[in-house]
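Asker: Got a predicted structure plus its sequence, pasted below:
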Amino acid sequence: MRIRKALLALAQAIADEAKRMWPVVRKSAKAVAEIPPCSILELARNGEAALRQRLRALTLEQLPDVVAQYGMDPGKLVMKWIDSDRVINRIVEVAFACATKGDAFRGD
């Protein structure tokens, strides 16, 4: 019976946390959804200033969603960062690496 009570308590704690976090999750999902697929690369191709401007419009809670959506944090380090500028710098770094990948083989 102790296991049942522990599992019920765990389930209740998860449900409570999900309810508490729902507004943040919904807001983050909406912000990320407003960035069309591959638009990070498109913004990078339009210049660093355009990309940074768009990213600065997002909150610190929303930036990791962008990182996750584009697979920019395989080591799961960025998700722990608490400095928006640091997260933005990582997104810009990875976006430019992806946007310019293969440029050495393209003719001018």
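Answerer: Right, received. Where do you want to start? Numbering: from 1, shown residues only.
Asker: give me the low-pLDDT residue ranges for the protein?
Answerer: Segments of the chain classed as low confidence (criterion: pLDDT under 70) are 1, 29, 31-38, 99-108.
Asker: Quickly note the distance from residue 19 to residue 39.
Answerer: For residue 19, the distance to residue 39 under the criterion C-beta to C-beta, to the nearest Å works out to 32 Å. Glycine gets a C-beta too; all of them are placed from N, C-alpha and C.
Asker: How about residue 70: what's its closest non-neighbour residue?
Answerer: In space, not counting the residues next to it along the chain, residue 70 is nearest to residue 40; the distance is 5.7 Å by C-beta to C-beta, 6 or more residues apart in numbering.
Asker: Does the one you found belong to a helix, a strand or coil?
Answerer: Applying DSSP: H, G, I helix; E, B strand; the rest coil to residue 40 yields a three-state assignment of helix.
Asker: which ones are touching it?
Answerer: Residue 40 makes contact with 51, 66, 70, 91, 95, according to C-beta atoms under 8 Å, 6 or more residues apart in numbering.
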